[in-house]
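Asker: no sequence on this one, just coordinates:
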């Protein structure tokens, strides 16, 4: 085992038994800015569905019980620690984990908070989260926290009794609407103060390296600049789930990055899912100039909210590989969702537990190995290329890009 300098002063490479792995030297300030995320690749894990601890009370490889779709299934931060090498050895250098705050009994995904001041006990509590952050950094994996400010988890009659003060009053919410969560009144000064101080306190104790912010567009734009400033202006990726590229791009006025749903809806899904012309990729790239910074967008082929890429392609593994190549090599920060490497198709259920695969690195469809090769190719090209160069379409037909 030894280290040597890479092409940039920010990078080192290590070899163990002939295998090369990518590392990045972190700055002293853990929550780092936009420039430190460029060139990274992110593995998205759903904490409750990623890994059960080997020494826990639940079988670490058994499937969840009936009805698990709306309840906690047993994945924890300790379980994730035990499987970080599975991620790092694939070639990723960042993880995106589920929201860390205390959630309702049906909030296994982390998006149904009821107290923004306390950690999820189901995920493991303070020591477990600190252990995950430390273990990830030891492997030079940056840690991105998912987070929510738009809503909490239970709606309907009597829901206020569930929540911590001051979000246990009617004034803390918008008028009731037919959705499965309660929409916070993020124009209210008390709510704004509560969310700001809660996240300031949490992040001071458990500092993330970056943020992914859920339901970003459903919170007033005026909320974001003072809120993110109060958190130290961390690198953040906002979720604007929409196909209108101009609308998505407009949010870079208030957040550093956004998920590239424009590319997803206008190119990845129709090209690889419906067999439409590859020229849609070139067309999607033509909108690059309307973004303030296109190179830092989060690029993905699937995630926990959208259909699996293997389902979109109707099981065509060649199309999946092509979609992953585009994700990994186009402009932006690639994000791969847990289970893609194992060939999960899932149909309408995109949140099946990963541990039933026993974390094999030799899955039958070969996507784990394929991602290893492609992520190594990114490094061989030189990560500075993905920071300073642009994806250029050299030749495009209906079937070739």
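Answerer: Nice, thanks for sending it over. Quantities reported herein were computed from a predicted structural model and do not represent experimental measurements.
Asker: Tell me where the stretch 251-400 of the chain has helices.
Answerer: Applying DSSP state H, counting those that start in this stretch to the stretch 251-400 of the chain gives helices spanning 261-263, 269-274, 279-285, 309-312, 317-329, 367-381, 383-388.
Asker: hang on, I meant the stretch 51-200 of the chain
Answerer: Going by DSSP H, counting those that start in this stretch, the stretch 51-200 of the chain shows helices at 77-81, 84-88, 125-138, 189-205.
Asker: Out of those, which is the most enclosed?
Answerer: helix 77-81 (a mean of 25; mean count of other CB atoms under 10 Å). For glycine as for every other residue, the C-beta is placed from the backbone atoms N, C-alpha and C.
Asker: What are the contacting residues of it?
Answerer: Helix 77-81 has contacts (CB atoms under 8 Å, 6 or more residues apart in numbering) with 45, 47, 50-54, 56, 60, 95, 97, 123-124, 128-129, 131-132, 135, 355.
Asker: Mind doing that once more with 6 Å?
Answerer: For helix 77-81, the external contacting residues (CB atoms under 6 Å, 6 or more residues apart in numbering) are 50-53, 123-124, 128-129, 131-132, 135.
Asker: Throw those into CSV and include pLDDT and distance to residue 86, thanks.
Answerer: Converted to CSV, the contacts of helix 77-81 look like this (pLDDT from 0 to 100; distance: CB to CB, whole Å):
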residue, pLDDT, distance to residue 86
50, 98, 10
51, 98, 8
52, 98, 14
53, 97, 14
123, 98, 18
124, 97, 18
128, 98, 18
129, 98, 19
131, 98, 17
132, 98, 14
135, 98, 13
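Asker: measure residue 331 to residue 38 for me?
Answerer: Going from residue 331 to residue 38 by CB to CB, to the nearest Å gives 10 Å.
Asker: If you could redo that for residue 223, that was the one I meant.
Answerer: Residue 223 is 26 Å from residue 38, by CB to CB.
Asker: Same check on residue 335?
Answerer: Residue 335 is 14 Å from residue 38, by CB to CB.
Asker: Could you do residue 235 as well?
Answerer: The value you get for residue 235 to residue 38, if CB to CB is used, is 10 Å.
Asker: and the two? which has more neighbours close in?
Answerer: residue 235 (26 against 19; other CB atoms under 10 Å).
Asker: Any idea what the residue lying closest to that one once chain neighbours are set aside is bridged to?
Answerer: Distance criterion CB to CB, 6 or more residues apart in numbering; nearest residue to residue 235, sequence neighbours excluded, is residue 210 at 4.2 Å. Using DSSP bridges, the beta-bridge partners of residue 210 come out as residue 144.
Asker: what sits against residue 210?
Answerer: 144, 234-235.
Asker: give me that answer again for 7 Å
Answerer: 37, 142, 144, 234-236 (CB atoms under 7 Å, 6 or more residues apart in numbering).
Asker: how close does it sit to residue 203?
Answerer: Taking CB to CB, one finds residue 210 at 11 Å from residue 203.
Asker: Over to residue 394?
Answerer: 43 Å.
Asker: do residue 328 as well
Answerer: Taking CB to CB, one finds residue 328 at 30 Å from residue 203.
Asker: same question, residue 282
Answerer: For residue 282, the distance to residue 203 - CB to CB - is 40 Å.
Asker: hang on, isn't residue 391 packed against residue 285?
Answerer: Yes: assessed by CB atoms under 7 Å, residue 391 is found in contact with residue 285 at 6.1 Å.
Asker: the more surrounded of the two?
Answerer: Neighbour count, other CB under 10 Å: between residue 391 and residue 285, residue 285 has more, with 19 against 16.
Asker: Next, the contact list for that one, please.
Answerer: 391, 393.
Asker: circling back to that earlier point, turn the contacts of helix 77-81 into TSV, including distance to residue 271.
Answerer: Converted to TSV, the contacts of helix 77-81 look like this (distance: CB to CB, whole Å):
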residue	distance to residue 271
50	29
51	33
52	37
53	40
123	37
124	40
128	41
129	39
131	42
132	36
135	38
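Asker: give me the low-pLDDT residue ranges for the chain?
Answerer: 1-33, 66-68, 155-158, 176-180, 347-348 (pLDDT under 70).
Asker: Out of the helices of the stretch 51-200 of the chain, the one nearest residue 322 is which?
Answerer: With CB to CB as the criterion, residue 322 lies closest to helix 84-88 of these, at 23.1 Å.
Asker: ok, and what's touching that closest one?
Answerer: 21, 43, 95, 135-136, 139, 141, 359.
Asker: Check stretch 147-164 too.
Answerer: Outside stretch 147-164, the residues that reach it (CB under 7 Å, 6+ apart) are 99, 103-104, 106-107, 111-115, 117, 167-169, 176, 179-184, 186, 195, 199, 211, 213-215, 218-219.
Asker: Weed out the non-buried ones from those residues.
Answerer: 99, 103-104, 107, 111-115, 167, 181-184, 186, 195, 199, 211, 213-215, 218-219 (16 or more other CB atoms under 10 Å).
Asker: Next step: those residues restricted to strands.
Answerer: 103, 113-115, 182-183, 211, 213 (DSSP state E).
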